[in-house]
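Visitor: Return atomic coordinates for the entry below.
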Amino acid sequence: MTLAAPRALAPTFLRRTPRPRVRRAQGTVPMWVGIGLLSTILVLVIVVPFLPTYDPFGQSLADAMLPPFASAAHPLGTDSLGRDVLSRLALAGLVSVGIAAVVVALNFVIGVTVGLIAGYRGGWLDTALGSIADIQLAMPVVILLIALSAVFGPSTQLMVITLGLTYWVGYARVARAMAMGLRDRDFVVSPLTQGGSHGRTVFTHVLPQVLPQMAVIASFDIAVIVGIESSLDYLGLGVQPPVPSWGAMITEGQKYVQINPMLVILPGIALFLLVAGMQFLSQRFTTESVASARKAGRR
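Guide: As a prediction, this is how the structure comes out:
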C-alpha cells in the first residue's frame, strides 16, 4: 500500500493547482516598473529639449552654482560655469542612449554572424572562432581602451569602436549553441535536399529562430553598455567636453560636492533610472523566453 494518493483522488486542497494570475503578475510587475523608470528618462530626453530654457552649453557665471528650484529658468540648478543642469542631463541621456544603441548593434551583428557560422558549419571553423572568442574574453576592455587612448587620444568614436568590437562573445555563444541544435532539424535539412544553398538556409530558417534570444541579450546589454560608458566617461576616456555625459558630470560635480551635492546626485539618479529600467524590462523578456523554452521542451 502506498501513502501517495493519485492526483485525481487527492483532496482538492492538497492538489497542486497552477496559479496563472500569480505567475502573470510576477512577470508583469517588473515590466511596468521598468516602463515607468524608462518613461522618466524618455521624458527627460525627448521633452526637455523643447523647453524654451533648454541650453546645455550656455554659460553665465553670474548664475553659477544655483541649487535646484532656486530659479524658474534653471529648475534643477546650474553647475560651476552657470550651465543649466536639466538641459545637460537631457543631452547626456541622449548621448548615452545613442552610444549604447550603436554599440549593441555592432555587438549584435558581429556576435550573431560569428555564432551562426561556428554553430552551423562546426569543425575546424568552430574551433578557430571559439579560440578567437576566448582571446576576446581574456582581454580587459578598460586597459585596452586606456592603451588606445594613449596612442590616438580619448574620443567618443574610439570608445564606440572599442566597445562595439569587444562585447560580441555573449551573442556568439548563444547563437552558436542554438545553431548547433537546429542544423539537423528537418526544416533546416529539407531545403538543402531540394538544392537550396547553405547561406540562404541559415538566413531563412535558422536566423529567425535565433533572433528572439538575441533580443533578450540585447535588452540586457543596453543597460550594461550604458553603465560601462558612464564609467569610461567618469575616467575621461569617453565623451569629451563640452558634450555632457552622466559620468563626466559626476566627475565634475565631485569638486563641488560639499557646496552643491546635487551636481553628483542628479546624474547618478538619471543613470540609475535608465539602467534599472532596462534591467527590469529585460527580466520580463527573460521570463517569457524561459517559459517559451519550457513549453517547447514539453512538446
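
Visitor: Which residues are in contact with residue 214?
Guide: Residues near residue 214 by Cβ atoms under 8 Å, 6 or more residues apart in numbering: 108, 111-112, 171, 174-175. Just so you know, the C-beta spots here come from the backbone N, C-alpha and C atoms, and that holds for glycine as well.

Visitor: Now tabulate those in CSV and tack on distance to residue 226 and secondary structure.
Guide: Output for the contacts of residue 214, formatted as CSV (distance: Cβ to Cβ, whole Å; DSSP: H, G, I helix; E, B strand; the rest coil):
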residue, distance to residue 226, secondary structure
108, 16, helix
111, 18, helix
112, 21, helix
171, 18, helix
174, 21, helix
175, 23, helix
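
Visitor: among these, who's most crowded?
Guide: Ranked by neighbour count (other Cβ atoms under 10 Å), the contacts of residue 214 have residue 175 at the top, with 29 neighbours.

Visitor: For it, which non-adjacent residue is spatially closest?
Guide: residue 115 (2.7 Å; Cβ to Cβ, 6 or more residues apart in numbering).

Visitor: and the gap between residue 47 and residue 93?
Guide: 11 Å (Cβ to Cβ, to the nearest Å).

Visitor: So which of the two has more stuff around it?
Guide: residue 93 (25 against 11).

Visitor: what about that one, distance to residue 275?
Guide: Where residue 275 is concerned, residue 93 sits at a distance of 12 Å (Cβ to Cβ).

Visitor: chain center to stretch 265-277: distance?
Guide: When C-alpha coordinates are averaged (Cα atoms, centre = their mean, to the nearest Å), stretch 265-277 and its chain have centres 14 Å apart.

Visitor: Need the residues that contact that stretch.
Guide: Residues contacting stretch 265-277 (Cβ under 8 Å, 6+ apart): 33-38, 40-41, 44, 68, 76, 85, 89, 92-93, 96-97, 223, 226-227, 230, 246-247, 249-250, 253.

Visitor: Kindly give a single PyMOL line that selects the buried subset of these.
Guide: Per 16 or more other Cβ atoms under 10 Å, the buried members of the contacts of stretch 265-277 correspond to this PyMOL selection:
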select buried, resi 33+34+37+38+41+44+68+76+85+89+92+93+96+97+223+226+227+230+246+247+249+250+253
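
Visitor: Go through the contacts of stretch 265-277 and flag which are in helices.
Guide: Taking DSSP state H as the definition of helices, the contacts of stretch 265-277 contribute 33-38, 40-41, 85, 89, 92-93, 96-97, 223, 226-227, 230, 246-247, 249-250, 253.

Visitor: which is the next helix or strand following the helix or strand hosting the residue nearest to residue 175?
Guide: Residue 115 is part of helix 85-121 when elements are defined by DSSP states H and E. Proceeding C-terminally, helix 85-121 gives way to helix 123-137 as the next helix or strand, assigned by DSSP H and E.

Visitor: just to revisit the earlier point, and the angle for the helix holding residue 115 with helix 246-253?
Guide: 140 degrees (axes from the mean of the first three to the mean of the last three Cα atoms, to 10 degrees).

Visitor: Residue 46: neighbouring residues, count only.
Guide: If we define neighbours as other Cβ under 10 Å, then residue 46 has 12 of them.

Visitor: CA atoms only for stretch 175-188, dumped as CSV, please.
Guide: Backbone C-alpha positions of stretch 175-188 (Å, rounded to 0.1, in the frame of the first residue of the first chain) are rendered in CSV as follows:
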residue,chain,number,x,y,z
ALA,A,175,23.8,31.8,-31.4
ARG,A,176,26.3,29.0,-31.8
ALA,A,177,24.6,26.8,-29.3
MET,A,178,21.2,27.4,-31.0
ALA,A,179,22.6,26.9,-34.5
MET,A,180,24.2,23.5,-33.5
GLY,A,181,20.8,22.4,-32.1
LEU,A,182,18.9,23.5,-35.3
ARG,A,183,21.2,22.4,-38.1
ASP,A,184,20.0,18.8,-38.1
ARG,A,185,16.3,19.6,-37.8
ASP,A,186,14.0,18.7,-40.7
PHE,A,187,13.0,22.2,-41.6
VAL,A,188,16.7,23.1,-42.0
